[in-house]
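Visitor: Quick check, what structure comes out for this input:
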Amino acid sequence: MFIKSRAIVLHTLKYNDTSFVAVLFSEEVGEVSFMVRIPKSRRAGGRNKLFQPLNILDIGWERHEKSSLQHLHQVGCHYPYVSIPYHPLKSAIALFVSEFLYYSLRGERSGGTLFNYIFSSLQWLDLAPDSFSNFHLVFLMRLSRFLGFFPNTEHYMRNDFFDLQNSCFTSAMPPHPYYISPSESQFIPLLMRMNYETMHLFVFSREQRNRLLVVLNEYFRLHIPNFPKLKSLDVLREVFD
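Guide: All right, here's what the predicted structure looks like:
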């Protein structure tokens, strides 16, 4: 079956001198990996640039269900970024988001609304003139809704602990080490109320933002198998520092 779809580049890995593996998240079938051949002509550089992390492509391929690696027949840029590749803070955020999505979406076989959420979020970041320092925090919190472990705030009370393992607030200290204290838990409902248009109204200190990044990384690690501590986390914190 021939499939045409929009797709977001998550990760690339060199296979040999003539090809590389590109992991994409497609609107039609979710995560899919492709073996991409590197042309020997001058076009090689341009083709490689298409597969930079978080690039949004139009692709077409003949899908083979029994093969783990597909082969592209068509590929082109769907949305050319105007600022993300050229703005140091946006580039650092994009690097972090691409690594986060690569591990979060492994095995995800549905694109649809999740793809549209990621696509519209990246467009917003690309076009935002300023006030985007909380983007990655809001993006990750809302991403958890699509992946099935959005925090339950129905019975939240001030001075509650937040149980990272069970995605809920509790008045008593959980009987395991995967929780955050009431002083930090208060930021979770705050994050859940934010959106891209209003997040500039909420001010976090550098220390609070860094701590929230660590907490969200741990939260995803608890709910997604084999989710690692991200290398880009330290890069992002250093850039914002």
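Visitor: Flag the shaky bits of this structure, pLDDT-wise.
Guide: 41-47, 241 (pLDDT under 70).
Visitor: Do a quick rundown of the strands in it.
Guide: Remark: strands assigned in the chain by DSSP state E are 2-16, 19-26, 30-37, 56-62, 70-79, 161-163, 168-170, 179-180.
Visitor: between the first one and strand 19-26, how big is the angle?
Guide: Note on geometry: by axes from the mean of the first three to the mean of the last three C-alpha atoms, to 10 degrees, strand 2-16 and strand 19-26 are set 140 degrees apart in direction.
Visitor: try the third one
Guide: An angle of 160 degrees separates the directions of strand 30-37 and strand 19-26 when computed by the same axes, to 10 degrees.
Visitor: Dump the C-alpha coordinates for strand 30-37 into PDB.
Guide: Presented in PDB, the C-alpha positions along strand 30-37 are these (Å, rounded to 0.1, in the frame of the first residue of the first chain):
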ATOM      1  CA  GLY A  30       2.600   7.100  13.800                       C
ATOM      2  CA  GLU A  31       6.300   6.300  14.300                       C
ATOM      3  CA  VAL A  32       8.100   4.800  11.300                       C
ATOM      4  CA  SER A  33      11.700   4.200  10.400                       C
ATOM      5  CA  PHE A  34      13.200   4.700   7.000                       C
ATOM      6  CA  MET A  35      16.500   3.700   5.300                       C
ATOM      7  CA  VAL A  36      17.600   6.800   3.500                       C
ATOM      8  CA  ARG A  37      20.300   6.600   0.800                       C
END
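Visitor: what angle do that strand and strand 56-62 make?
Guide: Going by the same axes, to 10 degrees, strand 30-37 makes 80 degrees with strand 56-62.
Visitor: so what strands line up beside strand 30-37?
Guide: Sheet pairing of strand 30-37 (DSSP bridges) gives strand 19-26 (antiparallel), strand 70-79 (parallel).
Visitor: possible to save the ones you listed as CSV with distance to Asn55 and mean neighbour count?
Guide: Just so you know, the C-beta spots here come from the backbone N, C-alpha and C atoms, and that holds for glycine as well. Below are the strands paired with strand 30-37 laid out as CSV (distance: least, C-beta to C-beta, whole Å; neighbours: other C-beta atoms under 10 Å):
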stretch, distance to Asn55, mean neighbour count
strand 19-26, 9, 20
strand 70-79, 7, 14
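Visitor: would you turn these into JSON lines with distance to Leu233?
Guide: Formatted as JSON lines, the strands paired with strand 30-37 follow (distance: least, C-beta to C-beta, whole Å):
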{"stretch": "strand 19-26", "distance to Leu233": "20"}
{"stretch": "strand 70-79", "distance to Leu233": "26"}
